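Enquirer: please work out how this folds:
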Amino acid sequence: MLLRCCRNLLDFYRRCGVLDKIRFFREYYFVEPGGRVWRLEAGSLPSPLHFAGSFLSFGALGWRDKLSVAGGLRALARQRGRSDLDRLTFASWLAAQGQTETAVRRFWRPLVVSALNEEPERVSAQPAVQVFWQGVLASADGYHMGIPAVPLSELYSLRLGERVRIHLRSAVERLDPADRSADFFLSAVPFERVGELLPDLGLNLERFEHSPITGIHLWVDREITTLPQAALFDRTIQWIFRKSPVYYQLVVSASRSLLPLPRQQVIDLAWRELGEFFPAARAARLERAQVIKEARATYSSAPGLEALRPGPQTRYQNLFLAGDWTRSGWPPTMEGAVRSGYLAAEAITRAAGRPAKFLLE
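Expert: The predicted structure follows:
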């Protein structure tokens, strides 16, 4: 899942020739236990007022909650440049803005957990404020949700030029910047591996830790909903994506509670909760299921880590870093990963004496 405000990720898809494989939605659906559906989408007003019409009729929140959210969004627009945001959790920032419990549970939390793969009580206020500004307020279409219309193996299939060689399933134990086999080296491994490859790089990464994502794929004998996607309130399962009338993908971000559970227990939980949201699921038969736990899906954007994220340049003039955990100007998302690659490419072209621009600000 991505947002239209992810300009560099969309540029990357364009460069790869797969931009037409992304299907965008301008409606966000929210489902309550019991099956009641609510919708948010932009209207004709310019940003940042584009959600005003559908927000007024958004029955998942009461009037007190809506006033709370409106005040929070105004505060977010004013405070997004605060220098101390990375010292706060997003939950503490929301509390300081007087957000109601229901507003946090049914507006702020579903969006920030899905965008940053972390709970409001654990995530830094800085990336959370940035995501809400870029995705909700800054433009009238930045919130549009993009979902790949093809399998990820097709979306990210290798398209290499004749001068490029890639070695799959080739283990690397150590990277030596003094090795003259290449003019420049670029390390794009996760943060937990960079110390093994480059032990003397001098990075302070001890506080970095992972946040998991669990995907649950269900194939059933009949259609259980026609909604293309929906956020599910107040349960473990957070999002459902309709891949076909009989194939549904469920997503749980920051899924620490699911990691120790056996596969069948996760499936049983998911199937039971679906029945609470979609009455048709109660009469359906589950034909097949798959559970994919990504224990190291992203790093956890905890307060205080922004200053520790390294840039693309290192102590070695010929060695550069990339990865969503580096200082890309974005949180650990696909947009952040692409931005890090573009920034590394710019640094390498400067070092080669042929500076080029890749990043779209």
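
Enquirer: got the end-to-end distance for stretch 232-246?
Expert: Using CA to CA, to the nearest Å, one end of stretch 232-246 lies 19 Å from the other.

Enquirer: just the CA atoms of stretch 341-354, as PDB, please.
Expert: Extracted as PDB, the C-alpha positions of stretch 341-354 are listed here (Å, rounded to 0.1, in the frame of the first residue of the first chain):
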ATOM      1  CA  GLY A 341      18.500   5.200  -3.000                       C
ATOM      2  CA  TYR A 342      18.100   8.500  -4.900                       C
ATOM      3  CA  LEU A 343      20.100  10.300  -2.300                       C
ATOM      4  CA  ALA A 344      22.900   7.700  -2.400                       C
ATOM      5  CA  ALA A 345      22.900   7.900  -6.200                       C
ATOM      6  CA  GLU A 346      23.300  11.700  -6.000                       C
ATOM      7  CA  ALA A 347      26.200  11.300  -3.600                       C
ATOM      8  CA  ILE A 348      27.900   8.800  -5.800                       C
ATOM      9  CA  THR A 349      27.600  11.000  -8.900                       C
ATOM     10  CA  ARG A 350      29.000  13.900  -6.900                       C
ATOM     11  CA  ALA A 351      32.000  11.800  -5.800                       C
ATOM     12  CA  ALA A 352      32.500  10.700  -9.400                       C
ATOM     13  CA  GLY A 353      32.600  14.300 -10.600                       C
ATOM     14  CA  ARG A 354      29.400  14.000 -12.600                       C
END
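
Enquirer: count of residues packed around residue 193?
Expert: For residue 193, the tally of surrounding residues (other CB atoms under 10 Å) stands at 13. Heads up, the C-betas are built off the backbone N, CA and C, glycines and all.

Enquirer: quick one: secondary structure of it?
Expert: Recorded secondary structure, residue 193: helix (DSSP: H, G, I helix; E, B strand; the rest coil).

Enquirer: in the stretch 201-350 of the chain, which spans are strands?
Expert: Per DSSP state E, counting those that start in this stretch, the stretch 201-350 of the chain carries strands over the ranges 210-220, 229-232, 239-244, 247-253, 286-299, 319-321.

Enquirer: of all these, which lies closest to residue 110?
Expert: Residue 110 sits nearest to strand 229-232 of all the strands of the stretch 201-350 of the chain, at 4.8 Å, using CB to CB.

Enquirer: what sits up against the closest one?
Expert: Strand 229-232 is contacted from outside by 25, 28-31, 37, 110, 114, 145, 147, 238-242, 273, 277, using CB atoms under 8 Å, 6 or more residues apart in numbering.

Enquirer: for the residue nearest to residue 77 when sequence neighbours are not counted, what are its contacts?
Expert: Take residue 77 and drop its neighbours on the chain: the residue closest to it by CB to CB, 6 or more residues apart in numbering is residue 137, 5.9 Å away. The contact partners of residue 137, by CB under 8 Å, 6+ apart, come to 47, 48, 73, 76, 77.

Enquirer: go through the residues you listed and name the one nearest residue 224.
Expert: For these, the nearest to residue 224 is residue 73 (33.7 Å; CB to CB).

Enquirer: buried ones in stretch 303-312?
Expert: 303, 305, 306, 309, 310, 312 (16 or more other CB atoms under 10 Å).

Enquirer: closest to residue 320 out of those residues?
Expert: For the buried residues of stretch 303-312, the residue nearest residue 320 by CB to CB is residue 312; the value is 4.9 Å.

Enquirer: so that closest one sits against residue 319, correct?
Expert: No: using CB atoms under 8 Å, residue 312 is not in contact with residue 319; the gap is 9.8 Å.

Enquirer: identify the residue nearest the residue nearest to the spatial centre of the chain in space, chain neighbours excluded?
Expert: In the chain, the C-alpha nearest the mean C-alpha coordinate belongs to residue 115, at 4.0 Å (CA atoms, centre = their mean). In space, and not counting its chain neighbours, residue 115 is closest to residue 131: 4.6 Å by CB to CB, 6+ apart.

Enquirer: three-state assignment of residue 165?
Expert: Under three-state DSSP, residue 165 falls in the coil class.

Enquirer: run a quick neighbour tally on the spatially closest residue to residue 239 that is not a sequence neighbour.
Expert: Closest residue to residue 239 apart from its sequence neighbours, by CB to CB, 6+ apart: residue 251 at 4.4 Å. Around residue 251 there are 19 other residues, counting by other CB under 10 Å.
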